[in-house]
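Trainee: After the sequence you'll find the predicted model.
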Amino acid sequence: MSQNKNYTEAYFRERLTPDQYYVCREKGTERPFSGEYWNVFRDGTYVCRGCGERLFEAGTKFDAGCGWPSFSAPADDGVIREEFDASHGMRRTEVLCERCGSHLGHVFPDGPAPTGLRYCINSASIALNEKADDQS
């Protein structure tokens, strides 16, 4: 997937709260243990707050003890873009939504098997679409 150039900053300002805009569009970070999803373990799919792209499945979420939602893998290949980030005197790999370019968080090589990765994601960047119970 490639970034959709039709998304404007006005679109994001209308769609996102000020805190969500700060994280998604200005590459901010929420405080640890403060976000909506850091300690949520319900079934469903996490989507981008900016554009609704399917980013992570709840089954890949784990408690990393870091205070942010952590996932071992994206939902599909090509939904996440990685970029080098040297901000704040650190050397990290930033992760962004490939579709709209929203900042999601960072990925680290200290996650569980089978990937060994920890996608450390801001709650402000994602929304959980919970799976409905099967009523059959």
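Mentor: Yep, that arrived. Residues are numbered from 1 along each chain as shown.

Trainee: neighbours around residue 36, how many?
Mentor: Using other CB atoms under 10 Å, residue 36 has 14 other residues around it. To be clear about C-beta, it is placed using only N, CA and C from the backbone, and glycine gets the same treatment.

Trainee: Residues contacting the helix or strand bottoming out on mean pLDDT in the chain, please?
Mentor: Across the helices and strands of the chain, mean pLDDT, DSSP states H and E gives its lowest value to strand 80-85, namely a mean of 92. Under the contact criterion CB atoms under 8 Å, 6 or more residues apart in numbering, strand 80-85 has outside partners 3, 55, 74, 91-98, 101, 104, 106-107, 119.

Trainee: Tell me which helix or strand comes right after that strand.
Mentor: strand 92-97 (DSSP states H and E).

Trainee: Go ahead and name everything in contact with the helix ranked longest in the chain.
Mentor: For the chain, the longest helix by residue count, based on DSSP state H, is helix 18-26. Applying CB under 8 Å, 6+ apart, the contact partners of helix 18-26 are 9, 12-13, 16, 28-30, 49-50, 102-104, 122, 124-125.

Trainee: Could I get the average pLDDT for that helix?
Mentor: Across helix 18-26, the average pLDDT comes to 97.

Trainee: list the buried ones in it?
Mentor: 20, 21, 22, 23, 24, 25 (16 or more other CB atoms under 10 Å).

Trainee: and residue 45, helix, strand or coil?
Mentor: strand (DSSP: H, G, I helix; E, B strand; the rest coil).

Trainee: can you pull the buried residues of stretch 36-43?
Mentor: Within stretch 36-43, judged by 16+ other CB under 10 Å, the buried ones are 37, 38.
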